[in-house]
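Visitor: sequence first, then the predicted structure:
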Amino acid sequence: MNAITLNLHILAAVILAGGSLIAALVVLPQARQLGDPKVVLAFQRRFFLLAAPALLIQVITGPMLAAFWVPDPLNWLPGHSTVSAHIFGKLFMLVLLVPIFLHARFRMGPKVARGEWSFRAIAWHAVPQAILAVGFLVLGVSIRMVQLGG
């Protein structure tokens, strides 16, 4: 396995998880306290500059790493092995994360800018994004732990 590929993958996952957690746990409460949902929008626009390349890196390097652990993509489905279940879980979360990030940038952003989204609607977006991004990171780390027998 190429160490550069693995390190890029991990760095991208940390960016996605960290930024998503900051949005849900810091920026959203701050915006609510200030009474200004545009605080979330300002963060989201800056975060997207890092999140978009990070998500692209995940999309590219994820299947490369999965092919290293389980060479046959047909065996990426759960039921073949514990690693396969982890790979499937990561792919499933990625399929959910990509549209959530794109929706945040291209649908939520303009609606917040026009004052059409409430804090509740923003939270219903930010919290699942954070949960999925952290779960994505944890599953990735756990693949290695399963391989090591830990």
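Guide: Received the coordinates, thanks. Nothing here was measured: the structure is a model prediction, and the numbers come from that model.
Visitor: longest helix in the chain, please.
Guide: Assignment by DSSP state H gives helix 38-69 as the longest helix of the chain.
Visitor: what is the orientation angle of the one helix or strand Gly18 maps to with helix 38-69?
Guide: Using DSSP states H and E, Gly18 falls within helix 3-22. With axes from the mean of the first three to the mean of the last three CA atoms, to 10 degrees defining the directions, helix 3-22 sits at 150 degrees from helix 38-69.
Visitor: list the buried ones in helix 3-22?
Guide: Neighbour counts over helix 3-22 (16 or more other CB atoms under 10 Å) mark 5-6, 8-10, 12-13, 15-21 as buried. Bear in mind the C-beta positions are built from the backbone N, C-alpha and C, glycine included.
Visitor: got it, and stretch 77-90?
Guide: Val83, Ser84, Ala85, His86, Ile87, Phe88, Gly89, Lys90.
Visitor: before we move on, back to that, tell me what the longest helix of the chain is packed against?
Guide: Applying 3 or more CB pairs under 8 Å, 6 or more residues apart in numbering; DSSP states H and E, we find helix 38-69 packed against helix 3-22, helix 28-34, helix 82-103, helix 109-113, helix 119-148.
Visitor: of all those helices, which one is nearest Pro63?
Guide: Of all the helices and strands packed on helix 38-69, it is helix 82-103 that lies closest to Pro63, at 8.2 Å by CB to CB.
Visitor: so where's the protein uncertain?
Guide: For the chain, applying pLDDT under 70 flags the ranges 1, 147-150.
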